[in-house]
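Sequence and predicted structure are below.
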Amino acid sequence: MSDRPKDDPWTQGTAPDAAASSAAAPTEGAEALREQQRLKQIELMDRWIGGVLVEQRRTRRWKLFFRFAWLLLFMALIGSLAYAVMRAPVDGMVQGQHIGVVEINGVIDSEAPANADRIIDGVKAAWEAPNSVAVVLHINSPGGSPVQSQRVYDAVRQLRESGDKPIIAVVEDIAASGAYYMAAASDEIVAAPASLVGSIGVIYSGFGLGEAIGRLGVERRVFTAGDNKAFLDPFSEIRPEQRDFWQEVLDTTHRQFIDDVKAGRGERLSDDPDVFSGLIWTGEQARELGLVDRIGSIEDEAREQLEEPALHDYTPPEAPFDRISRELGLMATQLLGLSDSASPMRYQLP
């Protein structure tokens with residue numbers, strides 16, 4: 001019995017063909033390469049299809065977003081119009097005798113709710129309403145823009161001189177500076193005992209930051225045409241003659257304020273020089289100085305004028321959309337450190 005394997009090809013003369021083995025190897029490598037290329041193509045195709053699907057989903061999302069945004073905008077506009085229509089004063093709508101009220105709240109400014117156009121429109125509507133027996137300026141304001149205050153003052157004085165319907169200013173918490181300027185045009189001024197009234201003066205405030213930026217190594221570059229064009233620039237040095245000039249501007253504006261208050265109040269004003277010094281008084285003190293006529297409230301005025309007190313608000317409504325845009329603009333100016341007032345001078349409490 002032999003230990004040699006019976007089927008050994010090497011002993012039986014049937015060894016494998018080396019050439020055939022070497023020929024089969026490249027064929028298998030080519031097949032494998034083609035398979036890898038096919039798989040890569042499939043993978044690239046999957047990625048491309050996936051990208052297209054993702055982009056389509058994004059496009060659909062943005063379309064939905066913009067459709068929803070336009071829908072919200074449309075609804076906001078419709079709501080604003082409906083609000084304005086419901087709140088707008090309409091001749092003949094108010095039945096029975098009443099007192100027409102115009103609200104003056106907050107800082108007086110062309111971009112604020114207490115702006116001249118809005119206040120004047122309300123005053124005229126209340127004045128022209130056939131069933132209003134008196135017009136009340138219901139004031140709760142620290143003042144503000146000189147121009148806006150002067151415009152309201154002039155409009156009220158014209159109405160006051162054109163008819164016999166009384167125009168009464170009623171002070172809630174405060175009627176200071178530009179707000180008192182408006183009140184001075186009315187026939188009478190009424191205030192609560194603790195109301196703050198007066199502040200007949202003009203203010204401008206700023207900062208001198210020239211030394212501060214010098215210490216930081218910052219150079220201020222300003223190019224102007226005109227020797228005094230940048231005299232209010234907080235980073236520039238103000239010369240004595242420029243300071244004198246600006247003080248003259250403030251004094252002139254103050255004189256306009258004093259002249260109009262005297263014209264509106266007449267002989268009721270006290271001769272006390274402090275009246276026009278910029279001081280602010282309580283309602284009781286203001287009455288002694290002739291700045292107000294009597295102590296009371298808007299309810300007292302309603303009872304004074306009518307047996308059955310009735311008030312109707314003629315203040316033109318402010319559209320919600322305008323209010324939102326104004327608040328956003330105010331936030332932006334505050335974040336950027338910009339002034340939100342058109343005029344650097346103010347009839348306003350500091």
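It's in.

Val101: what secondary structure?
Assigned by DSSP: H, G, I helix; E, B strand; the rest coil, the conformation of Val101 is strand.

so how far is Ser297 from Ala310?
The gap separating Ala310 from Ser297 is 15 Å, by C-beta to C-beta, to the nearest Å. (C-beta placed from N, C-alpha, C; glycine too.)

for Val275, that is, sorry about that
In terms of C-beta to C-beta, Val275 sits 24 Å off from Ser297.

With Gln36 instead?
92 Å.

now swap in Gly143 and tell me
Distance, Gly143 to Ser297, by C-beta to C-beta: 21 Å.

picking up where we left off before, which of Gln36 and Ser297 has more residues huddled nearby?
Between Gln36 and Ser297, counting by other C-beta atoms under 10 Å, Ser297 is the more crowded of the two (16 against 10).

doesn't Pro193 make contact with the more buried one?
No: using C-beta atoms under 8 Å, Ser297 is not in contact with Pro193, being 10.1 Å away.

Remind me what the strand or helix carrying Phe74 packs against, helices and strands.
Assigned by DSSP states H and E, Phe74 belongs to helix 18-87. The contact analysis (3 or more C-beta pairs under 8 Å, 6 or more residues apart in numbering; DSSP states H and E) places helix 18-87 against helix 320-336.

Can you name the element that comes right after the helix it packs on?
Counting by DSSP H and E, the next helix or strand C-terminal to helix 320-336 is strand 347-348.

Touching that next one from outside, list them.
With C-beta atoms under 8 Å, 6 or more residues apart in numbering as the test, strand 347-348 has contacts from 107-108, 142-146, 149, 176-178, 181, 201-203, 257.

Quickly list what Trp281 is bridged to.
Under DSSP bridges, the beta-bridge partners of Trp281 are Val197.

I'd guessed it sits against Val197; true?
Yes: using C-beta under 8 Å, Trp281 makes contact with Val197 at a distance of 5.5 Å.

residues shared between the contacts of these two?
By C-beta under 8 Å, 6+ apart, the residues touching both Trp281 and Val197 are Leu291.

In terms of neighbours, single out the busier of the two.
With neighbours defined as other C-beta under 10 Å, Trp281 and Val197 compare such that Val197 has more, 28 against 21.

Can you name the residues that contact Val152?
Neighbour list for Val152: Ala116, Ile119, Ile120, Val123, Tyr181, Met182, Ala185 [criterion: C-beta under 8 Å, 6+ apart].

mind checking which helix or strand it is in?
Assessed by DSSP H and E, Val152 sits inside helix 146-162.

what's the spacing between that helix and its chain's center?
Mean-position distance between helix 146-162 and its chain equals 25 Å (C-alpha atoms, centre = their mean, to the nearest Å).

What residues of it count as buried?
For helix 146-162, a neighbour-count test (16 or more other C-beta atoms under 10 Å) marks 146-153, 155-157, 159-160 as buried.

Stretch 119-138 too?
Residues 119-129, 132, 134-138 are the ones in stretch 119-138 that count as buried (16+ other C-beta under 10 Å).

how distant is it from the center of its chain?
Relative to the centre of its chain, stretch 119-138 is centred 27 Å away, using C-alpha atoms, centre = their mean.

What is the end-to-end distance of it?
11 Å (C-alpha to C-alpha, to the nearest Å).

do the same with stretch 225-233
14 Å.

can you tell me which of the contacts of Val152 are in strands?
Judged by DSSP state E, strands contain none of these.

And Leu64, how far from Gln56?
13 Å.

before we move on, what about Gly217?
54 Å.

Could I get the full set of strands for the stretch 101-250 of the chain?
Using DSSP state E, counting those that start in this stretch, the strands assigned to the stretch 101-250 of the chain run over residues 132-141, 143-144, 167-176, 188-191, 196-198.

could I get these as JSON lines with mean pLDDT?
Output for the strands of the stretch 101-250 of the chain, formatted as JSON lines (pLDDT from 0 to 100):
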{"stretch": "strand 132-141", "mean pLDDT": "96"}
{"stretch": "strand 143-144", "mean pLDDT": "94"}
{"stretch": "strand 167-176", "mean pLDDT": "96"}
{"stretch": "strand 188-191", "mean pLDDT": "97"}
{"stretch": "strand 196-198", "mean pLDDT": "96"}
